[in-house]
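Undergrad: quick one: sequence plus predicted model below, questions after.
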Amino acid sequence: MRLSALDQLLSRRQILQSSKMGLGAAALGALLPQNARAQTVVPKAKHVIFLFMAGAPSQVDLFDYKPELEKQFKQPLPESISNGQRVTAMTRGKEQLVVPTMFKFNQAGESGIWVSELLPHLAKQADRLCMIKSFHTNAINHDPAKTYLCTGSELPGKASMGAWLSYGLGAINRDLPDFIVLNSAFWTGGTRNVQGLYSRLWGSGFLPSKHQGVKFQTNGDPVLFLSNPDGVDANVRRRMLDITGSLNQKHLQEIGDSEIATTIAQQEMAFRMQSSVPELTDLSGESEKVMEQYGPEVHKNGSFARNCLLARRMIERGVRFIQLFHRGWDHHSILPTQLRGQAYDVDQPSAALIEDLAARGLLDDTLIVFAGEFGRTVYGQGKLARDDYGRDHHPRCFSGWLAGGGIRGGMSYGVTDDFSYNVVDQPVAIRDLHATLLHQLGVDHNELSFPFQGLDQRLTGVEPAKVIREILT
Amino acid sequence: MISHLGLILMLGHTAFAEEQMVQFNRDIRPILADRCFHCHGPDEADREADLRLDRFDDRTAEVLGVSDKDKSELINRIVSTDADVMMPPPDSHKKKLNSDEVELIRRWIHQGGAYEAYWAFTKVERPELPKVEHEAWSENPIDRFVVRKQEAAGLSPSAKADRRTLIRRLALDLTGLPPTREAIEQFLADDSSDAYEKVVNQYLESPQYGEHMARYWLDVVRFADTNGIHHDHYRDLTPYRTWVIESFNRNLPYDEFVRDQIAGDLVDNPSTDQLTASGFNRLHMIIDRGTMLPEESLARNVIDRVTAVGTAFMGLTVGCAVCHDHKYDPITSKEFYQLYAFFNNLDATPETGGRSGTDFERGLQPPYINLPSVEQQASLDAVEMRRVSIQAELKSLKDWLAANPATPERAKETEGDSAKEVVASDDPESQRQAEERRKRESEIAERSNQVKSLEAELKQQNAARDQLLREIPAAMVMKERTERRPSHVMIRGAYDNLGEEVQRDTPAFLPPMDVDGVASRLDFARWLISRDQPLTARVTVNRFWQQLFGVGLVKTSEDLGAQGEWPSHPDLLNYLAAEFMDSGWDVKALIKQMVMSNTYQQHSEAAPESFQRDPENRWLTRGSRYRLDAEVIRDQMLAVSGLLKHSIGGKSVKPPQPDGLWQSVALPSSFPNRFVADEGDKIYRRSVYTFWKRGLPPPQMTIFNAPAREECVARRERTNTPLQALLLMNERQAMDAARSLAVKLTAENDTDPLIVLYETVTGHLPDDSELASLQQALTDFENYYSKNPELAKQLIKPEGDIAVSRLAAWTMLVNAVLNLDIAKTRS
């Protein structure tokens, strides 16, 4: 069969797919330019930093200001509002009594967006934030809801956001992975509400696994098995790769399988990563001013603050998609105490990240998203005091924000009812967030697909998704 | 789109010219399935214009224009550029048909537009063996089918591989381990005509065969050591794994292998093995109590169970029909819930229990059976006997104490003055009474003390029993509830939105199940393995083929349905399926027939163009060459270095992994939440025994494409990444292997250790240029380490008289050879 005949019958995408399971992917892949697969819209941004607040922060106490609730303390939530909503096993069959937030809200910036007093640094960035009040999702439990936000499906097995972008857009640097995951190892609010994570949240699902997120480790090698063992220095490693490489080269000539060429190339990439990754994670070149900007926690390995600073360095080095996981938001009880700690963890660093990227002219190219997997109920759980309460899971509405990357700052989008319980205007489904995110990177969510189990799989799933045009610049 | 590769294969070279007739199943169905079935297929809810293209009826005839071939509406629609007319419509986001595809459809209609029943759903008939030119090459029927196809395309097979390649291929394919140098030597020296067959038999009989075969199966059934959801607690299913390994080793007929997994608990007088096998139904992910609603958890478990049966035994994506009628295969949503009804009757809670107790520590959830050894049973019996006797003694003591309360006088005593009166009295009667009272009091005291000490001992015995139980393996099993749970269609898959009630039944497009009254799970299992069932055998032989040739005859081995790929060699697949069933589902015989074929024994060197034209070797014109799986790569390193420790079965083990991985994802309250590596021999066991935490599986495995075991995986992908290169260069056990082999090589005095190294790892001898390169590298390493002795000592502990710089140099040379592409590749 001649290659030209192949070309006629197969689109480029099909060639890559047909070879993905086997040999020669590199040979065929080498015929194709990078970034050719899915860019169909003019991109506004090149990178994404997704700040995932795992455990679900309370929109009632942070973003969705409802002053009228003050009068509703311990009043039952009207049935016209709850309207048969499923609840978790924890609060099933219990009375639903409203607990207003104990925290003050202030108007911030010229735009006058309402922000909780727990987020003073973010408030200063208000004019760069697009506050979304009308996210909604389906699941009422962490695991499926997180999987949904990260992969567009509640069930495991689908590809995550970063994997889709890596697959669709290809690499923009040659020394680091396209998709890096960082998670925090410290929580000022304590470990009581720290939920589990699963590698599927940054997995490649049905996509080739080279697109999966590379999770950086807090301790030891940032990338698994990066460092040479004791007794092997860079000279020894170089010599070892030379002998391995020269024999591989000889075998390539003899056997004819181009997969051997791929092995050689990947071994050389591994060698480059042995310098590029330590250079990336070495903060000694950062000025004191910058370190101060991210706050005192930045000095701790594994803090959210340090991860924010690392994210900025990754953007500078051309990493496409960076996802930060900060856990600990699952405040079923003693919410006020714990939320204070959590807010402290993320407030200054995420504000600094915006400011720092802007100062370096990188914010326009970088879309930042801040969101949890769902919201929390306006009715209380646990002790119901003015200053001591908890809240259960709530999928019908929750808040988050976007910044940079062609997103309008200083605006709020979406309206919830007086109880922050239902979306009443401008709803944003998870698939709409995904569609918007892809759009900003120049990808039409309907076009980016992959055939698996008889379906053209998409990040946005089978239900129609929409780009939220009102929030774009 | 995957299906198009099949199309290309058929169209390539002169095959197209020779096979002028367009075949619906091969050429047309894949196109229609991909572009049209979504709206014109089996799903009634989405059907547009009352038109079905997945099967033929009057409406189809009209649209095709079978009677008036020049007025085909179908052709008009697929060539149209008018957005209101064109198909697929623009808003479907489906790709327009290209000119070749349109041409195929045009020719098909001109030839009469004949439909065929879908190939995989028709009964397996044994095809006639084709006539071929390469007669001498084709004694084995497999070869006849393969070469027939090649001949039609003007291709020809490659010559037989050399013996070194063959024995390494066989050893890796049948046991997952490389051949020893001794085995290679023996094979090379054996000039009898059945030398190759002897090697085949030897590997098929090796206990490592079962471990290797089991490993593929464990992916298919998503075997793991944790729950996989929320807390991701420990869950022990290892007796099931041991059963799988032993079943392959003793060549359990595959029909029984299937039956016992689905319904081993329902056969008459089930054996321990059959009960253990039924643990297949317990392998799904499961949430722990307290967050999800139990009714939702139940539905999720059962859906997962049925989906697994679909993938593992039927090769169908039945899970698509959870929410709606299947878009491509004729499975309705109702039929999915009819299958669901077979599997929704487990006598257990749908969530795992609390966070304490022996069941929790043992990773068990009832129903389960304990599987003690003879010694453990004896200890358990002894403890149990003692517990029973203590309990009996306690009962009689307590009964006595209840019947003999302290005397009324004694009661008075405690009341003050009147008591003194009694004590003061000194008449004989009073003294006798006082005496009796004292005696009685002392008896009460004595018995009370006995109670105390027995209760203490009972506590100890309970603890001893729990301790014993913790050591005793137990198998979670399937068990029916007495009262059958009703099943309903769940509308759009929502557990809380129930539709009509349904009864247990099999899908209508497959042969009917022959049962009077209510069918049982066992009836379903028997239906799956009946000779008329078209899927089970095809799915199975295809997966074994994939295992030995890198790609299945149907590439989409998880899906033989309409969206799966058309088989590259349909007749061969049918032949193997028929042969497999008629042999009594004899797995070893099937595997043997495959590896005895000339097709299997071809050499894998070829011109680069051959790799480019047919990267996956679908034409089978050479020996397949592909990267080894994660487990084989690790096991091979341990084997060649002499570190590997063999023992069959048992609990999962934890070889070292980098610190902090579990902590970075686990809930602080999950059990276990920290990884603690095992020590001693355990860490050198084969990878099939490695502990699998679903939330974060061992990176040594996942970096090389092992799945997370959250869902059924019938084929792994094979990528080639820098993270893999780093792992092979730096991972702790990879370095342990390098050190261990280096020590052996420096002690080698018969043969040139460079040759021993190369042969041990690759199965081949180095040629002069390779030998020279290795020698040069060794010298360079040794010079460098001589100048940097501290560095050498960091790499390896001095051993005997050998200079540490020499040991270090050898260690790095072994490391270099272990990193060769040919070392991690099967050719």
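TA: Now that the structure is in, tell me what you want to look at. Note that this is a predicted model, so its numbers are computed, not measured. Numbering: from 1, shown residues only, chains lettered A, B, ... in the order given.

Undergrad: domains for chain B, by residue range?
TA: B:2-116, B:212-369+B:480-528, B:372-472, B:730-826 (automatic domain parsing).

Undergrad: mind listing what residue B:340 touches?
TA: B:302, B:303, B:306, B:487, B:502 (C-beta atoms under 8 Å, 6 or more residues apart in numbering or on different chains). (Each C-beta comes from the backbone N, C-alpha and C, glycine too.)

Undergrad: TSV please, covering the domains of chain B and showing mean pLDDT.
TA: Shown next, in TSV, are the domains of chain B (pLDDT from 0 to 100):
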stretch	mean pLDDT
domain B:2-116	77
domain B:212-369+B:480-528	94
domain B:372-472	84
domain B:730-826	95
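
Undergrad: and the residue in the stretch 101-250 of chain A that chain B sits nearest to, what does it touch?
TA: Closest residue of the stretch 101-250 of chain A to chain B, C-beta to the nearest C-beta: residue A:231 (2.5 Å). Counting by C-beta under 8 Å, 6+ apart, residue A:231 makes contact with B:791, B:792, B:793, B:794, B:795, B:796, B:808.

Undergrad: what pLDDT does the nearest residue to residue B:662 once chain neighbours are set aside get?
TA: Closest residue to residue B:662 apart from its sequence neighbours, by C-beta to C-beta, 6 or more residues apart in numbering or on different chains: residue B:675 at 4.5 Å. At residue B:675, the model reports a pLDDT of 95.

Undergrad: who's in contact with stretch B:507-518?
TA: Residues contacting stretch B:507-518 (C-beta under 8 Å, 6+ apart): B:121, B:123, B:329-332, B:335, B:338-339, B:484, B:503-506, B:519, B:523-524, B:527, B:530, B:532-535.

Undergrad: need the CA coordinates for that stretch. PDB is fine.
TA: Taking Å, rounded to 0.1, in the frame of the first residue of the first chain, the C-alpha atoms of stretch B:507-518 are listed here in PDB:
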ATOM      1  CA  PRO B 507     -31.000  -9.600  24.600                       C
ATOM      2  CA  ALA B 508     -33.200 -10.500  21.700                       C
ATOM      3  CA  PHE B 509     -30.600 -10.300  19.000                       C
ATOM      4  CA  LEU B 510     -28.700 -13.200  20.600                       C
ATOM      5  CA  PRO B 511     -29.900 -16.800  20.800                       C
ATOM      6  CA  PRO B 512     -32.700 -17.300  23.300                       C
ATOM      7  CA  MET B 513     -32.100 -18.700  26.800                       C
ATOM      8  CA  ASP B 514     -33.700 -22.100  27.200                       C
ATOM      9  CA  VAL B 515     -35.200 -21.900  30.700                       C
ATOM     10  CA  ASP B 516     -38.600 -22.500  32.200                       C
ATOM     11  CA  GLY B 517     -39.700 -20.100  34.900                       C
ATOM     12  CA  VAL B 518     -37.400 -17.600  36.400                       C
END
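
Undergrad: that older thread, farthest pair in the contacts of residue B:340?
TA: Greatest spatial distance among those (C-beta to C-beta): B:303 and B:502, at 14.1 Å.

Undergrad: these two: who's more crowded?
TA: residue B:303 (23 against 19; other C-beta atoms under 10 Å in any protein chain shown).

Undergrad: are we agreed that that one is in a helix?
TA: Yes. Per DSSP: H, G, I helix; E, B strand; the rest coil, residue B:303 lies within a helix segment.

Undergrad: for the residue nearest to residue B:662, give me its contacts.
TA: So residue B:675 contacts B:654, B:657, B:659, B:661, B:662, B:663, B:693 (C-beta under 8 Å, 6+ apart).

Undergrad: among those, which one has the most neighbours?
TA: Busiest of these [other C-beta under 10 Å] is residue B:693, holding 27 neighbours.

Undergrad: so that residue: helix, strand or coil?
TA: coil.

Undergrad: what's the closest non-adjacent residue to it?
TA: Closest to residue B:693 by C-beta to C-beta, 6+ apart is residue B:226, at 4.8 Å.

Undergrad: what about burial for the contacts of stretch B:507-518, which qualify?
TA: Buried subset of the contacts of stretch B:507-518 (neighbour count, 16 or more other C-beta atoms under 10 Å in any protein chain shown): B:121, B:329-332, B:335, B:338-339, B:504-506, B:519, B:523-524, B:527, B:533-535.

Undergrad: show only the entries of those residues found in helices.
TA: B:335, B:338, B:339, B:523, B:524, B:527 (DSSP state H).

Undergrad: so of those residues, which two are at opposite extremes in space?
TA: The most widely separated members of those, counting by C-beta to C-beta, are B:335 and B:523 (16.1 Å).

Undergrad: before we move on, the earlier item: what about chain A: which of the contacts of stretch B:507-518 touch it?
TA: Subset of these in contact with chain A: residue B:329, counting by C-beta under 8 Å from any C-beta of the partner chain.

Undergrad: hang on, the earlier thing: need phi/psi at the residue nearest to residue B:662.
TA: phi -80, psi 120 (degrees, to the nearest 10).

Undergrad: can you check residue A:419 too?
TA: With angles defined as degrees, to the nearest 10, residue A:419 sits at phi -110, psi 10.

Undergrad: residue A:378 is in contact with that one, correct?
TA: Yes. Look at residue A:419 against residue A:378 with C-beta atoms under 8 Å: they come within range, at 4.8 Å.

Undergrad: more neighbours: which of those two?
TA: Each of residue A:419 and residue A:378 has its neighbours counted (other C-beta under 10 Å); residue A:378 has more, 31 against 21.

Undergrad: what's the pLDDT at residue 187?
TA: Reading this off chain A. Looking at residue A:187, its pLDDT is 87.

Undergrad: oops, wrong one, chain B.
TA: For residue B:187, the model assigns a pLDDT of 98.

Undergrad: residue ranges of the helices in the stretch 151-300 of chain A, please?
TA: Assigned by DSSP state H, counting those that start in this stretch, the helices in the stretch 151-300 of chain A fall at A:161-169, A:234-255, A:259-281, A:288-294.

Undergrad: just put those helices in JSON lines and tack on distance to chain B and mean pLDDT.
TA: Formatted as JSON lines, the helices of the stretch 151-300 of chain A follow (distance: least, C-beta to the nearest C-beta, whole Å; pLDDT from 0 to 100):
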{"stretch": "helix A:161-169", "distance to chain B": "12", "mean pLDDT": "94"}
{"stretch": "helix A:234-255", "distance to chain B": "4", "mean pLDDT": "96"}
{"stretch": "helix A:259-281", "distance to chain B": "4", "mean pLDDT": "93"}
{"stretch": "helix A:288-294", "distance to chain B": "21", "mean pLDDT": "97"}
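
Undergrad: most tightly surrounded among those helices?
TA: helix A:161-169 (a mean of 26; mean count of other C-beta atoms under 10 Å in any protein chain shown).

Undergrad: show residues contacting that one.
TA: For helix A:161-169, using C-beta under 8 Å, 6+ apart, the contacting residues are A:35, A:37-39, A:48, A:50, A:150-152, A:159, A:178-179, A:181, A:202-205, A:207-208, A:210-213, A:320-321, A:323, A:434, A:437-438, A:441-443, A:448, A:450, A:459.

Undergrad: buried subset of the residues you listed, written for PyMOL?
TA: The buried residues among those can be selected in PyMOL (16+ other C-beta under 10 Å) with this line:
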select buried, chain A and resi 37+38+39+48+50+150+151+152+159+178+179+181+202+203+204+205+207+208+210+211+212+213+320+321+323+434+437+438+441+442+443+448+450+459
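
Undergrad: among the contacts of helix A:161-169, which ones lie close to chain B?
TA: Near chain B, judged by C-beta under 8 Å from any C-beta, the entries from the contacts of helix A:161-169 are A:203, A:208, A:210.

Undergrad: any idea which element the closest residue to residue A:371 other than its chain neighbours lies in?
TA: Leaving aside its chain neighbours, residue A:371 sits nearest to residue A:400 (3.2 Å; criterion: C-beta to C-beta, 6+ apart). Take DSSP states H and E as the rule and residue A:400 turns out to sit in strand A:398-404.
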